[in-house]
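**Student:** what's the 3D shape of this:
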Amino acid sequence: MTKPEGMTNDEKTSVAFGSSHVPETSLARVFKSENRLQTGQTLLRLQNRWGLDVTRLVGRGTPCLPFVRLRTNAILTRSSAGRGLPALPGWRLRLLGAGMHRPLGVSIGFAALAAILCGCGPADRKEPQKTSPPVNVQTVLPRQAEIARSITLPTFRILALQEATLYAKVSGYLKTLSVDKGDAVKEGQLLGEIEVPELLADEAQYAAETEVAHTNYERLAEARQKAPDLVVPQTVDDLRGQWEVAQAKLQRTQTLLQYARLVAPFSGMVTARFVDPGAFIPAATTGSTPQSAAVVTLMDYSRVRVQAFVPEPETPFIKNGVPARVTVEELPGRVFPGSVTRFAHALDPATKTMLTEIELANPAGELRPGAYASVQLELERKQNALLVPVQAVLVEKAGTSVFTVVDGKAKKIPVQIGFNDGTNAEIASGVRVDEAVVLLGKQALTDGQPVNPVEAK
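**Tutor:** Next up, the predicted model:
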């Protein structure tokens, strides 16, 4: 191919690009506007028309020269193969024909092309912005309903409705004990007897003394009636006093003998047994009650009591009849309903809490005395509250919020939470009743993210 004669630099450049209206000053913009395939076709036309080498035009000291070679070779190879054009044998380093000079416009054009190719390197290439696909979320509409405010108090011991440890009131040997741990007893049932021979002897003595004193009194009283002048009234009164003293001694001894019989004070269950028949049992004294004087412990837990300590801010809401729910770890999933039966009215000066008791029916004996229970007290109830499931509420350090959907995008809205019963939360402000909130999928959402809402059934 020979260089056309009689053409200006602008004309040569225009011919190279297949256009008669492309000035050299806008050559760079032409290359920028073309994609890779168009650039490869243009390079083919330049190669065939002018026989030029892009790398020669840029210069040997250009830092991006290796990349220009590789990238241009790749473009030309793909363009030639894809369009049915012959693959280029290589880059020629000079114009066809010895001593030929490059037109200024063509040199500028190739220099611009090389600069563009250098700018297409991996470091300067801009990735197109990717649009995040919509996230599938499940939404739910708020509803107006009733909600209660409750507090859950820490674990407390379950107490039997009645509990008593039976002690010996007289010293002696345990003659019989007919019950053991786990035995059910009835009120008034004889549980055991203590053998006290001394008291039996005293009873016989005082019984005889009483009989003698009574006989002496009656005989003298009858004689005075027959001969009032012979019997002094004072003597009759003394004998009457002796008879009454003897009666008192006999009654005391008989009472002590009754204490030797252990009788159940109420119906319940024997929960402890401390001695066996034949053991010596000392009498329980007024000053101290030695453990050795204890015989058995009875409990009546057909009804049980749970003691809770209510914090000072919540005490104004405590009154008899406040609904309560009791749970125990030993019976997971079971809830025992009850109510406040009594409370102390006064606060403990050390803990600033108020003792409150909840009484529960326990006919099957499932609630064991001594076990620990958690108490939930319902303090307030509100009608027509705006409710959403607690799963829809996002709790963060900055506050609470929910996600709504506006024009297909997630919108984060701060809200104020009122009552919360563990299942539903009251929205005090921030969301209207007709604004659906995101129920599931909110963890991965960001404000303004495209979403695909599906209403929960």
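
**Student:** and after the longest helix along the chain, which helix or strand comes next?
**Tutor:** As assigned by DSSP state H, the longest helix anywhere in the chain is helix 197-226. Per DSSP states H and E, helix 197-226 leads on to helix 233-259 as the next helix or strand towards the C-terminus.

**Student:** and the helix or strand just after that next one, what's buried?
**Tutor:** Counting by DSSP H and E, the next helix or strand C-terminal to helix 233-259 is strand 261-263. Within strand 261-263, the residues that count as buried by 16 or more other C-beta atoms under 10 Å are Leu262. In this view, the C-beta of every residue, glycine as well, is placed from N, C-alpha and C.

**Student:** parallel or antiparallel, list what pairs with strand 261-263.
**Tutor:** Using DSSP bridges, the strands paired with strand 261-263 are strand 190-195 (antiparallel).

**Student:** what sits up against the partner strand?
**Tutor:** 166, 168, 170, 172-179, 185, 259-264, 277, 281, 295-296 (C-beta atoms under 8 Å, 6 or more residues apart in numbering).

**Student:** angle of it against helix 233-259?
**Tutor:** Angle of strand 190-195 versus helix 233-259, following axes from the mean of the first three to the mean of the last three C-alpha atoms, to 10 degrees, is 120 degrees.

**Student:** can you give me the strands for the stretch 251-400 of the chain?
**Tutor:** Along the stretch 251-400 of the chain, the segments classed as strands by DSSP state E, counting those that start in this stretch run 261-263, 268-273, 280-281, 294-311, 323-328, 336-343, 353-361, 372-389, 394-396, 399-406.

**Student:** domains for the chain, by residue range?
**Tutor:** Following automatic domain parsing, one gets these domains for the chain: 9-119, 137-145+383-455, 197-259.

**Student:** Provide a list of residues in contact with the nearest residue to Ala279 once chain neighbours are set aside.
**Tutor:** Excluding the flanking residues, the one nearest Ala279 by C-beta to C-beta, 6 or more residues apart in numbering is Leu174, at 5.2 Å. Residues in contact with Leu174, defined by C-beta under 8 Å, 6+ apart, are Gly192, Glu193, Ile194, Glu195, Val275, Asp276, Pro277, Gly278, Ala279, Phe280, Ile281, Val295.

**Student:** measure how buried the second one is and give me the count.
**Tutor:** In this case it means Glu193. 17 (other C-beta atoms under 10 Å).

**Student:** hang on, the earlier thing: show me which of the contacts of strand 190-195 are buried.
**Tutor:** For these, buried by 16+ other C-beta under 10 Å: 166, 168, 170, 172, 174, 177, 179, 185, 259-260, 262, 264, 281, 295-296.

**Student:** about what we covered before: out of the domains of the chain, which gets the lowest mean score?
**Tutor:** Lowest mean pLDDT within those: domain 9-119, a mean of 45.

**Student:** biggest strand in the chain by residues?
**Tutor:** strand 143-167 (DSSP state E).

**Student:** got the angle between whatever helix or strand comes next after it and strand 268-273?
**Tutor:** Scanning forward in sequence from strand 143-167 by DSSP H and E, the next helix or strand is strand 172-177. If you take the same axes, to 10 degrees, strand 172-177 sits at 130 degrees to strand 268-273.

**Student:** quick check: next helix or strand after strand 172-177?
**Tutor:** With secondary structure assigned by DSSP H and E, strand 172-177 is succeeded by strand 184-185.

**Student:** what packs against that following strand?
**Tutor:** strand 268-273 (3 or more C-beta pairs under 8 Å, 6 or more residues apart in numbering; DSSP states H and E).

**Student:** paired strands for the strand it packs on, with orientation please.
**Tutor:** Short version: by DSSP bridges, strand 268-273 pairs with strand 184-185 (antiparallel), strand 294-311 (antiparallel).

**Student:** got TSV for the ones you listed, with mean pLDDT and distance to Lys412 too?
**Tutor:** Putting these into TSV (pLDDT from 0 to 100; distance: least, C-beta to C-beta, whole Å) gives the following:
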stretch	mean pLDDT	distance to Lys412
strand 184-185	96	63
strand 294-311	94	34
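
**Student:** return the most buried member of the ones you listed.
**Tutor:** When you average the neighbours per residue for each of the strands paired with strand 268-273 (mean count of other C-beta atoms under 10 Å), strand 294-311 leads with a mean of 21.

**Student:** now the angle from that strand to strand 372-389?
**Tutor:** 30 degrees.

**Student:** kindly export strand 294-311 (C-alpha atoms) in CSV.
**Tutor:** Extracted in CSV, the C-alpha atoms of strand 294-311 (Å, rounded to 0.1, in the frame of the first residue of the first chain):
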residue,chain,number,x,y,z
ALA,A,294,-38.8,-33.4,117.1
VAL,A,295,-40.7,-36.4,116.0
VAL,A,296,-42.2,-35.8,112.6
THR,A,297,-43.0,-33.0,110.2
LEU,A,298,-46.4,-32.6,108.5
MET,A,299,-47.3,-30.5,105.4
ASP,A,300,-50.6,-29.7,103.9
TYR,A,301,-49.9,-28.7,100.3
SER,A,302,-53.3,-29.3,98.8
ARG,A,303,-53.0,-25.6,98.4
VAL,A,304,-49.6,-23.8,98.2
ARG,A,305,-48.3,-20.3,98.6
VAL,A,306,-45.7,-18.5,96.5
GLN,A,307,-44.1,-15.5,98.0
ALA,A,308,-42.9,-12.8,95.7
PHE,A,309,-41.2,-9.5,96.4
VAL,A,310,-42.5,-6.6,94.3
PRO,A,311,-40.2,-3.7,93.5
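
**Student:** compute the inter-axis angle for it and strand 143-167.
**Tutor:** Going by the same axes, to 10 degrees, strand 294-311 makes 150 degrees with strand 143-167.

**Student:** pull the number of nearby residues for the residue lying closest to Leu355 once chain neighbours are set aside.
**Tutor:** Nearest residue to Leu355 in three dimensions, chain neighbours excluded: Ala344, at 4.2 Å (C-beta to C-beta, 6+ apart). With neighbours defined by other C-beta under 10 Å, the count for Ala344 comes to 16.

**Student:** kindly report the same for Pro323.
**Tutor:** By other C-beta under 10 Å, neighbour count at Pro323 equals 16.
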